[in-house]
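>>> Please work out how this folds:
(4 chains)
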Amino acid sequence: MNFLRPIQALNASPTGQTSLLEVRDLHTHFLTDGGTVKAVNGVSFEIERGERIAIVGESGSGKSAMAMSLLRLLAYPGKVVAGQINLNGRDLNRMSERQLNHIRGREVGTIFQDPMSSLDPVMKIADQMIPPIMRHLDMNSEKARAEAIGWLDRVGIPDAGRRIDAYPFEMSGGMRQRVMIAMALSGRPKLMIADEPTTALDVTIQAQIVELLKELTSETGAGMIFITHDLGLVARFAHKVGVMYAGKLVEFGPVKDIFARPCHPYTQSLLDTIPPVDQAERRKLAQIPGFPPDMKLPLVGCAFKDRCAAAHERCFVEAPDLTLRGPGHRAACWKPEGLGEARRKDAELVPPMTHSEEDRVVVEVFNLHKHFTGRSVLPWKVPPTVRAVNGISLNIREGETLGIVGESGCGKSTVARLLLGLDPATSGDIYVDGMAQMVFQDPASSFNPKMMLADIIQEPLVVTGWGNRMERAARTRELLAQVGLDESYMSRYPNQLSGGQRQRIAIARALALKPSVVVADEPTSALDVSVRAQIINLMVDLKRQLRVSFVFISHDLLTVSYISDKIAVMYLGEVVEYGAADEVFRNPAHPYTQALIAAVPVPDPVAEEARMKKPLSGELPSPLDLPSGCAFASRCPRATDHCRAEKPLLQAYSKSREAACHYAN
Amino acid sequence: MKMTRRSWVTSLVAGTMLLGTSLLAPATALAQEKALIVRFYDDPAGFDPANIFRIENENIAFNIFSGLTTYDGVTGELIPDLAESWETDDNITWTFHLRKGVQWQQGYGEFTAEDVIYSFNRILDPATASPYASELSGIESMEAPDPHTLVITLSAANGNFLHTVANYHQGQIVKREAIEAAGDQVRWKPVGTGPYYLESIDVNSQIVLKRHEDYYKGPAPIETLDFQIIKDDATAAIALRNGEIDLLMRQGREEQLQTLEAEGFKMNTVGNYAVSLKVLNLEDPILQDVRVRQAIAHAIDYPSITAAIAPSLQAPAYSILLPWMDVFSEAAPRYEYDPEKARALLAEAGYADGFTLKVLGTSAQGVSEQQQFEIDYLSQVGINMELELVDTPTYNQRRNAGDFMMAGRLLPAVNPDMILFSYLHPDNLAPGGLNGARYDNPELTSTLEAAQADADPQTRMELYAKVQEIAMTDLPYIPATASNVFWPGKQSVTGVNINYLAQVNFWDVDIED
Amino acid sequence: MTQEMITLPARRWSDLGTLRQSGLWRLLGNSRIQLAIAILGPILFLTIFRSMLPLPGPLQTNLQAMTQPPSLGHLFGTDRMGRDILSRTLAGVQISMFVGFAVALLALVVGLVMGTLSGFFGGVIDRIMMAITDIFLAFPSLLLAIGLVSVLGTGMIPVVLAISLSDVPRFIRLQRSMVLSLRNRAYIDAARTVKASQVWLMTRHIIPNTIAPLLVAASIAAANAILVEAGLSFLGLGIMPPEPSLGNLIRDGQSYLEQAWWISTLPGVVILMIAIGLHFLSDGIRQVLDPRSRK
Amino acid sequence: MLTYSLKRLAQLFVTVLGVVTLVFFTMRMIPGDPISAMAGDNLSGAALDQMRTQMGLNESLLMQYLTYLGSLAVLDFGNTVTTKLPIIQLILDALPVTVSIAVGTIILTVLISIPLGTLAAYMAHKGHKTLDNAITGVAMVLDLMPSFWTSLVCLLIFSLALGWFPASGTVTIDDPVQLMRRIALPVLVLSMAQIATMARITRTSVLEVLSEDYVRTARSMGWSELRVLFRHALKNAALPIVTVVGLSFGNLLNGTVIVEFIFTLPGIGNLLVGGINSRDYQMVQTLILFYALIFVIINFATDLVYRVFDPRVQF
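Numbers count the residues shown, from 1 in each chain, chains lettered A, B, ... in the order given. Predicted coordinates:
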């Protein structure tokens, strides 16, 4: 790639001791009608050439606002009110818009979270990519086009010369994010800012993108700021980590150091909320109580004090500054060890549940099909058919949790709807002993915003004519207690709740009629890490107390394997591997399962270094024209002609496991 | 690419500016020949004399066609037109001596008595479906002893027959060949012997008349009459003030008249052109009492009303006939404003506490100011006037069917018989005829018939006076107001003489420098 | 319970929360709505209590005070019949407001019912309903109004019906599209898993969530109706004079613009203020409803 | 595309048939017929009844309806009932005037409202609420003034006081300069109301687009705000704007009625009101048919324009 050279040459030049980027005491405020939100409240850090820094934090921590502040890309009412942003010694914060426009795209490239919305939908890729190249690198349009195609090729867009004239909507999410990366790199920036670049993507695609970013930045020698909430990604990707809480960096240091010896209670708690990869014994996940502070209100003392088990008097009076805890490792806590001894207090053991063959089967699914047929106005045209669910068989026993995993579009949510009877099956049998109820993914649309929580929880009771008014109220209180909420919630409305509280209410509603099975479709994917742990703990408790069965649908393999007794891995409407959770996770039989698990970043930088780095290539093929042979053959590293010709059936792999692969044994 | 786009913008800007200047430049017109631009105030509906309606259309026809007689624009008297002279002894047999050498427009040759016979027969032919057929139904026979003599025999004496054959509706003479050539488009292809012929018409915007060079009185001074359709009165006034038009065919808004007069425009006018009547349904149990009708007449102060709301456009009316008509009688009873008397009459009739008077009206302008005053005045004597407003077609339909308690009529007519017979004679009872009051007084009927038949002018006048006295005593119709017509125009436009049918003979009109 | 109870931190959710949630409170806190109240409030107040004001009746003529410009005696002046324009304007506000609200209410109710049925059940009902609304939308609305006024006669009720006839299809469409987007909400699915009846779904889940946007549309429809009524009056098809609807007042005075500007201008200003007030109201409702503006 | 066209055609057929039927019976439900409309003050009921019989208005309603459908099927629109003028010719003569007004209004509206709305959106986006409020406020006031009132004020100012434009005069498309002079004021009056609506829509959609992620992307590539506004925001906001332009074109055909009356322009609005007032069944039916056709065609055209602005729209 000869066009990479100038950057390297530039980096090689002796520019003295200054860091690539030095942020000093950055303050960003949002001047809303309700008051000034101090989103970024004095952040300082620096980044050297070729260094990848991850900034982690939960939603509302100010990490994105901080990243956007660097290039003044904040929309009104956001405003950088103070601080220095020294890029190669020049303060971006004192530049005019015009001057800054020469930095944006040229010296600093940016990648945003949602590839679906980050590209202009009505402009061809070429029209979005080529003009900036012409402008920043002073090229004519032909040369710029060649340059753009070169970059697209480099980020792995097949047939780049043709695809450059495509519109974004003609590409998948993964492809669009590649285009974004190509765009961001096309100005040959010295610094990349990536704001949650993989959050909206499937785990396999996420792995591909992360690898690509890593590779390209090290090739061009660009520094990188990577904003994420996923600690696993941090471990896989970053040289240094900054942890943000309430608009401040609370801990900053080399990645291995932070993971091995976190000093701030918040960092410590965050790390503890992740389900451990080691499944030998299940412990309850750590959870952080309470809420982050209201950033509109003045803050006295440490921002984390209300949620910190180790908080003491001083924390309420005076805010700690970052202090050195090791080489390059700083933390902002009055206590040298953070939580210290208090750290593992919560982590009580989860007693394993006993399952036996005698337990009654509450759900049995046999050879289930669901096909969606489009409508064709022209009578002679055959309407297109999508086989969303293509012959699956499952069963769930009382008190058992079945996890269903797979990439988006694999049909897992359709299975959920079929189980609940929301959609009729095309063919096959579903048997449910008792009732199936549901917990939805999106807490925002799960509740009628016009109904009080008491009415929401009671709705199944009222509809089915259960009990009288008094009995229903009593049942509601009982349910609220079961999900850990007090009575005061009864008269509240959904929009007064946080995401975690909403999922608790959703669970309460699902349990109202004492169902035999609760289908939970991605119940935790919209939640922050700390809250996610609360919900998972709650579900684990309920399962044990009420012996209710769960179907837990998620793309988050770590969570699924933590909570499930059995796992079904789905690919293109079919189950490709099915068996005991621990077994599937630890020793996957199907190549797809193996790839999925390999793609999951593990929050341990040392372990990550040792792991296989070759991510699963390609994307999910269209379910419109399924191949006659193995559906996975197009992406399978081990596929043979036999696979492409003959469809493997789900067959016993071990005593408690089945897999659909010709070569599983 | 960029260059072309920029130059495109430049040319667009330039083009817009150019267009702007040309838009603002005053329209230049060559004025070699005299042309008059006249406002026309509604959609033209055609000019076939057998099927013509509304005054504005009649105005065009008036200048295209001729009758045996016509009306003098200044005095309103009947004067000769196609007939140079006429004689009758008994009001039954009428002999007309026709003008010689009268040329039809558009090369249809010379006018003869046959044309008159054809025209009248055409009106009478049921296939023509002319609403004016009844006007000529009194004709027993027509003969043309020579091309310029016409003898018409009536089935009954009619002293007002000259009105019937005047240049108006059924009286307008058409040419057989032209009618037959036009087929079903007669109304749009009028051919007459009048001073102007129709050159072109765009029913949406414009009617152009050209002068008839062979007109028997000689060509008119003005070559072209350009009638522009401007429906809104306010817009029309602005157009005149802007100098876009020369003459307004009618201006019906008091405030606009005042403005135009103040700005020095010539206010051509005719007074008392038509009387506006209140039609009282005598079949109504309340209104059948003559005292109630008289009470209503005494209750409303029309002189004050007209003075307040339209001093130019309206005057109070005191009789069913207008003062300028030859048979008009001063002796008929008048009903001055007298609320005391009205209350007394009502009390006498047993309505001391009043009653509700339902009035049918047209919704075109909603409740007019006059009606509001009427409501006010009637409420003073305890009568609760309730308006029922319907749109014009419905109004016409119900009015003709006689389906109302009280309604209104405007009587644009110069022929007193037309008024008296239509409105007072039992032969014309609604729904078939115009006698919407359903008035049937044998005494009046016989007097009226006698008056029409009588050949002696003196006796005739006396009989007519008696008719008016009876009618105004019985009061089936209450005269409310008389309308004045205004055709404001530029000072340079002369000879705009509006006759009592609200028509202008453009042969008299000229433009002075 | 092994779970610890999570109680709400007091500083975040005060007990005012429920009150604030009740909608009214939030509406009243919105600056646009405050503005709307500031505009509409005094007008409505004067209108309601106009009989207590020292004003001549709206129909009372006075030939001694014809065409007088605004003065202390007649704040808005008088018209050609000596009627007090302020008094007529206030009476007109009453009539126009009635027309506006009646139209809005009618469009709202019919649109709500038909749109809900159409959107919720889909299929044949939906297609027929859409075909009908298509036909009505393809009609020039003025003609619809003229036709209806001609059939029913002039007056308040026909005018209200005539104006709402062209609003109703729009409301049906609006409601239908909202129902379509709500129909697949998770909470509807949740109710369906317990076999909730269609009536339950519509009355408990769909309609409560569409009412507010419909109200926004309705307040705009009310403002429009007041203006359309004025237009109909101009064509002689609205509320019949001397009933002083605002449209009639403006029409009466428009030809006197040169001689007596106040006759039509002052009622015109009032109509504008009402329309602006209603627009602020709808803007305010929209703002309060739009979650994005709540940030 | 073919599927789409077929669907549209079927929809058109149903709509038009419904409209035609509705008009046919509505017109006849309205009291008063062409003859009674024609009657002035001095025609008696008997005389009119004679004419009515002659014109075939006494036939049964169903027969009249079937005859009408039959003539429609062979595209025979007939003559006006009372004046016997070929209707299709009248409409074709009047259509250019109305269409000129409508097109002129749309052009003027677009030229003013889109920059205005964009500016307002941009200002709102930057937090400069004052200018935004001023623009939206003025637009709202313009929108809410009754057109018959503004028409007269415009006439008084531009025609009488300034003498820029004539208040009357013949209009034909053969004389484009005169045509433009005559339609200038109606276009101005109609635009006032349209500008407000369209500026508001533009403002809303541009404002929405301005907070989209891809706008930030473009900013992050170093493009100035203005370029982003016009290259990205406006193009993306075009879709709702096009919808409104299409809809308002339909509304304009409606709105021209009053201005055509006041400015004495011989457009189809004039024909319509005249037709209704004279109860000319044939005329009104044909005109409404035209309106419906135009409406459906405009919808179709709007859809086609969608494709130009948004490649995602497929048929």
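>>> Give the other helices and strands that the longest strand that chain B contains contacts.
Across chain B, the longest stretch assigned as strand under DSSP state E is strand B:266-280. Secondary-structure packing of strand B:266-280 (3 or more Cβ pairs under 8 Å, 6 or more residues apart in numbering or on different chains; DSSP states H and E): helix B:254-262, helix B:290-299, strand B:406-411, strand B:477-489. Yep, even glycine has a C-beta here, placed from its N, CA and C like the rest.
>>> Quick one: the ones you listed as JSON lines, columns for mean neighbour count, mean pLDDT and distance to residue A:218 too.
Conversion of the helices and strands packed on strand B:266-280 to JSON lines gives the following (neighbours: other Cβ atoms under 10 Å in any protein chain shown; pLDDT from 0 to 100; distance: least, Cβ to Cβ, whole Å):
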{"stretch": "helix B:254-262", "mean neighbour count": "18", "mean pLDDT": "89", "distance to residue A:218": "87"}
{"stretch": "helix B:290-299", "mean neighbour count": "24", "mean pLDDT": "94", "distance to residue A:218": "106"}
{"stretch": "strand B:406-411", "mean neighbour count": "22", "mean pLDDT": "87", "distance to residue A:218": "98"}
{"stretch": "strand B:477-489", "mean neighbour count": "24", "mean pLDDT": "93", "distance to residue A:218": "92"}
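>>> any low-confidence regions in the stretch 151-295 of chain C?
By pLDDT under 70, the weakly predicted segments of the stretch 151-295 of chain C are C:151, C:153-154, C:234-236, C:240-242, C:289-295.
>>> Close to chain A: what parts of it are there?
Listed as neighbours of chain A in the stretch 151-295 of chain C under the rule Cβ under 8 Å from any Cβ of the partner chain: C:185-187, C:189-197, C:200, C:204-205, C:208-209, C:291, C:295.
>>> do that again at 6 Å, thanks
C:185-187, C:189, C:192-194, C:196, C:205, C:208-209 (Cβ under 6 Å from any Cβ of the partner chain).
>>> Quick one: buried ones out of the residues you listed?
C:185-187, C:189, C:192-194, C:196, C:205, C:209 (16 or more other Cβ atoms under 10 Å in any protein chain shown).
>>> Which residue ranges of chain C form helices?
Under the criterion DSSP state H, chain C contains helices at C:16-21, C:24-29, C:31-48, C:85-121, C:123-138, C:141-152, C:156-183, C:186-193, C:198-200, C:207-234, C:246-254, C:262-289.
>>> TSV please, covering the residues of the stretch 151-295 of chain C next to chain A and showing distance to chain B.
What follows is these, written out as TSV (distance: Cβ to the nearest Cβ, whole Å):
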residue	distance to chain B
C:185	47
C:186	49
C:187	52
C:189	52
C:192	53
C:193	58
C:194	58
C:196	52
C:205	47
C:208	43
C:209	43
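>>> Between these, which sits nearest residue A:519?
residue C:193 (8.9 Å; Cβ to Cβ).
>>> Tell me which of the helices of chain C is the most buried.
helix C:246-254 (a mean of 27; mean count of other Cβ atoms under 10 Å in any protein chain shown).
>>> Between helix C:207-234 and that helix, find me the angle.
For helix C:246-254 against helix C:207-234, the angle by axes from the mean of the first three to the mean of the last three Cα atoms, to 10 degrees is 30 degrees.
>>> which helices and strands sit right next to helix C:246-254?
Helix C:246-254 makes packing contacts with helix C:85-121, helix C:207-234, helix C:262-289, helix D:147-154 when contacts are defined by 3 or more Cβ pairs under 6 Å, 6 or more residues apart in numbering or on different chains; DSSP states H and E.
>>> Tell me what angle that helix forms with helix C:156-183.
130 degrees.
>>> Do you have the helices of the stretch 301-450 of chain B handy? List them.
B:302-309, B:339-348, B:369-380, B:392-401, B:416-424, B:442-453 (DSSP state H, counting those that start in this stretch).
>>> Other residues contacting the fifth one?
In this structure, residues lying in contact with helix B:416-424 by Cβ atoms under 6 Å, 6 or more residues apart in numbering or on different chains are B:160, B:321, B:325, B:327, B:411, B:413, B:428, B:434-435, B:439, B:444, B:448, B:452, B:471.
>>> what residues are up against residue A:644?
Residue A:644 neighbours (Cβ under 6 Å, 6+ apart): A:629, A:633.
>>> before we move on, the earlier item: would you format the helices of chain C as a markdown table with distance to residue A:408 included?
Output for the helices of chain C, formatted as a markdown table (distance: least, Cβ to Cβ, whole Å):
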| stretch | distance to residue A:408 |
| --- | --- |
| helix C:16-21 | 35 |
| helix C:24-29 | 37 |
| helix C:31-48 | 41 |
| helix C:85-121 | 28 |
| helix C:123-138 | 30 |
| helix C:141-152 | 46 |
| helix C:156-183 | 22 |
| helix C:186-193 | 17 |
| helix C:198-200 | 31 |
| helix C:207-234 | 28 |
| helix C:246-254 | 57 |
| helix C:262-289 | 31 |
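>>> Number of residues surrounding the closest residue to residue A:89 other than its chain neighbours?
Leaving aside its sequence neighbours, residue A:89 sits nearest to residue A:18 (Cβ to Cβ, 6 or more residues apart in numbering or on different chains; 4.9 Å). A count of neighbours around residue A:18, defined by other Cβ atoms under 10 Å in any protein chain shown, yields 14.
>>> The one 3 residues further on now?
By the other Cβ under 10 Å criterion, the neighbourhood of residue A:21 contains 24 residues.
>>> Return the set of residues that bridge with residue B:388.
For residue B:388, the beta-bridge assignment (DSSP bridges) gives partners residue B:360.
>>> how close does it sit to residue B:398?
According to Cβ to Cβ, to the nearest Å, residue B:388 stands 9 Å off from residue B:398.
>>> Now residue 296: closest residue in space, sequence neighbours ignored.
Went with chain A since none was named. Per Cβ to Cβ, 6+ apart, closest to residue A:296 is residue A:35, 4.1 Å.
>>> Not quite, go with chain D.
residue D:12 (4.8 Å).
>>> And that neighbour, which helix or strand is it part of?
helix D:2-29 (DSSP states H and E).
>>> Repeat that for residue B:39.
strand B:35-40.
>>> how about the very next helix or strand once past that strand, does it reach chain D?
Using DSSP H and E, the helix or strand that follows strand B:35-40 in sequence is helix B:55-64. No: Helix B:55-64 lies apart from chain D when judged by Cβ under 6 Å from any Cβ; the minimum separation is 8.0 Å.
>>> what's the next secondary structure element after helix B:55-64?
Downstream of helix B:55-64 (by DSSP H and E), the next one is strand B:69-71.
>>> could you give the mean pLDDT of the helix or strand that that next one is followed by?
Using DSSP H and E, the helix or strand that directly follows strand B:69-71 along the chain is strand B:78-80. Averaging pLDDT along strand B:78-80 gives 91.
>>> Now do the same contact list for the residue lying closest to residue B:509 once chain neighbours are set aside.
The shortest distance from residue B:509 to any non-neighbouring residue, by Cβ to Cβ, 6+ apart, is to residue B:495 (4.4 Å). Residue B:495 is in contact with B:508-510, counting by Cβ under 6 Å, 6+ apart.
>>> which of the residues you listed has the most neighbours?
residue B:509 (26 neighbours).
>>> Read off the pLDDT value for that one.
93.
>>> Tell me where chain D has helices.
D:2-29, D:34-38, D:45-54, D:61-73, D:87-126, D:129-144, D:147-154, D:176-210, D:213-220, D:225-227, D:234-262, D:268-277, D:281-309.
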